[in-house]
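Student: one predicted model, sequence on top.
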Amino acid sequence: MYHGILNVYKEAGCTSHDVVARLRGICKQKKIGHTGTLDPDAVGVLPVCLGNATKLSDMLTDRQKEYVADFRLGVTTDTQDISGRILEEREVLVSPSQVREAVFSFLGDSLQVPPMYSALKVGGKKLCDLARAGKEVERRPRPVTIYSIELLREEHPDYTIRVSCSKGTYIRTLCHDVGELLGCGGVMTGLKRTRVGEFWIEQAYTLEELQKLSESGELGKVLLPVEYMFRALPGFKAGREDYRALRNGNQLNFRTAGVLREGKGANLPFSKGQEFRMYSHENIFYGIYRYDEVRGLLVPVKMFLPEEG
């Protein structure tokens, strides 16, 4: 069984769930999960977790994201993108400079009302299912942050923007809201996700490429190990006598933990609440631990036991 993260390039015409289903066949394992839905028509980065890396799904979903989006002014649809039913077409009387001003006004923190055509649930039901049934319900505005916006193309009334944003930001809603602010309406006509945290589109692999790597026995070469996500933390290894406790995900006595790869000897002082990567005496990654200063113990935070799955 594979354990790690694949940086997948999702192509247009398939859902995020379709990608997972296809990868289950490619990898010949069931324990696989994606880290954030992309609309069927959207393309780009979709990190997928395999094996015990599925425990990282929430962590990756929280990562900052970057998109390149096309939008057109003068049109509104029920889905807020070009695939939806046209609700209204209006004359575009604003100037490109007014468009630029409107786009940049969304920089920073704001409250965004999620679209009806989304996977969010209200009362236990997905909004998209309610929308398809012809029902519209009230949605609570959610806090989002736009860290940066760059205008890449201005062919009035068509524009292209690059957006860096927080989790939960709907880019088609952003395009819709820009159009509403300008009084002419707007609709997203294309979307590409170029980054999720440290996963960039330039290093992403299509399903076809992953299929070929699997057939040649080289899939493991592009699979990022779980510990990659924690590489900024210092690494330590447990003493041989703590191996059984480590395998069981138990707390450890910090006095028996040696330093891994830091090269400065054993029993370095820990700072209060410090988190670090924990390895076995055989240098196998087991999980994340935290130093409990009061009890003088190393306490497990999140375990990725190699034998799981």
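Tutor: Happy to help now that I have it.
Student: residue most distant from the centroid, the chain?
Tutor: E241 (38.3 Å; CA atoms, centre = their mean).
Student: just the helices in the stretch 101-250 of the chain please.
Tutor: Here the stretch 101-250 of the chain has its helices, by DSSP state H, counting those that start in this stretch, at 127-132, 171-182, 207-215, 243-247.
Student: residue nearest the centroid of the chain?
Tutor: T61 (3.7 Å).
Student: isn't that one right next to G197, touching?
Tutor: No. Look at T61 against G197 with CB atoms under 8 Å: they stay out of range, at 9.6 Å. Placement of C-beta: from N, CA and C, glycine included.
Student: where does the chain have low pLDDT?
Tutor: 254-270, 307-309 (pLDDT under 70).
Student: tell me how far C49 lies from R153.
Tutor: Noted for C49: a distance of 34 Å to R153, by CB to CB, to the nearest Å.
Student: looking at the two, which is more packed in?
Tutor: Between C49 and R153, C49 has the larger neighbour count (other CB atoms under 10 Å), namely 25 against 10.
Student: so what's that one bridging to?
Tutor: I5, G33 (DSSP bridges).
Student: ok, it - contacts?
Tutor: Applying CB atoms under 8 Å, 6 or more residues apart in numbering to C49 gives the contacts G4, I5, I32, G33, H34, T35, K55, L56, S57, L60.
Student: present the residues you listed as TSV; the columns should include distance to L298 and neighbour count.
Tutor: Converted to TSV, the contacts of C49 look like this (distance: CB to CB, whole Å; neighbours: other CB atoms under 10 Å):
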residue	distance to L298	neighbour count
G4	25	21
I5	26	25
I32	31	21
G33	29	18
H34	32	23
T35	28	25
K55	19	16
L56	21	21
S57	25	17
L60	25	22
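Student: what is the nearest of the residues you listed to L219?
Tutor: Using CB to CB, G4 is the member of those that lies nearest L219, at 9.8 Å.
Student: surely the closest one touches V222?
Tutor: No. With contact defined as CB under 8 Å, G4 does not count as touching V222 (9.2 Å).
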